[in-house]
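> Below: sequence and its predicted model.
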Amino acid sequence: MRIAVTLLTLLLGSTLWAQQPLYVVNGRAVESIEGIPQEDIESIDVLPADEDTIAVWGLAASEGVIMVRLKFDTPATFSAEGFDNFTLYLANEIKWSESMPAERASLRINVTEEGTVEIVEVLDTTSRQFLKRVTKAIEEAPRWQPAMRDGKAIASLQLVNIQLPLGKELPKDPYVIIR
């Protein structure tokens, strides 16, 4: 009986797996597209499971193909002064002591083709004072390695969410969010 249950489980598992479409990101087959941020996607095309699709992509396309084109081939990256994370770099540059109240800011930035950073939009912040310090740190930050597409540097948008002091929670009391 256990062997029958095991075989049934394996059979159902392989059947369910076979019913997944083939995901292709920038021309390469991948297992999943779950980890791709929505803002990085330029387009999505769904190809039917027909003879032409299977001829191009093989039997893995027997349930269709979901083609995802990202805005870039490689994303913009930040690396400077021992930091590979832009938010941690900013936290190190902004002088905000433990005795100060917890503050946060959420910004949308543009990393240009040259690797410079410009603030596109302030999504929210808990105070103008904190926003000024974050803005100054961003303006003085080293250049990024820009995103690349087809071998050329391109501009890309990034989200920056910073809360200081690190690990300190925002007060539960109501506060004003400046937008």
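Cool, the structure landed.
> Got the domain ranges for this structure?
For the chain, automatic domain parsing gives the domain ranges 2-70, 86-164.
> Can you give me the first-to-last residue distance of the last one?
Using CA to CA, to the nearest Å, the end-to-end distance of domain 86-164 comes to 14 Å.
> quick one, phi/psi of the spatially most central residue of the chain?
Most central in the chain under CA atoms, centre = their mean is residue 37, positioned 4.3 Å from the mean C-alpha point. Per-residue torsions, residue 37: phi -60, psi 140 (degrees, to the nearest 10).
> what about it, distance to residue 142?
According to CB to CB, to the nearest Å, residue 37 and residue 142 sit 23 Å apart. The way it works is simple: take the backbone N, C-alpha and C, and place the C-beta from them, glycine included.
> Test my guess that residue 155 contacts residue 147.
Yes: if you go by CB atoms under 8 Å, residue 155 and residue 147 touch, sitting 7.5 Å apart.
> Between these two, which has more neighbouring residues?
Higher neighbour count among residue 155 and residue 147: residue 147, with 24 against 16, using other CB atoms under 10 Å.
> these two touch, right, the more buried one and residue 70?
No: look at residue 147 against residue 70 with CB under 8 Å: they stay out of range, at 9.2 Å.
> Need phi/psi at residue 72.
phi -150, psi 160.
> I figured residue 168 hits residue 102, correct?
Yes: here residue 168 reaches residue 102: they are 4.5 Å apart, a contact under CB under 8 Å.
> In terms of neighbours, single out the busier of the two.
Neighbours were counted for residue 168 and for residue 102 using other CB under 10 Å; residue 102 has more, 18 against 14.
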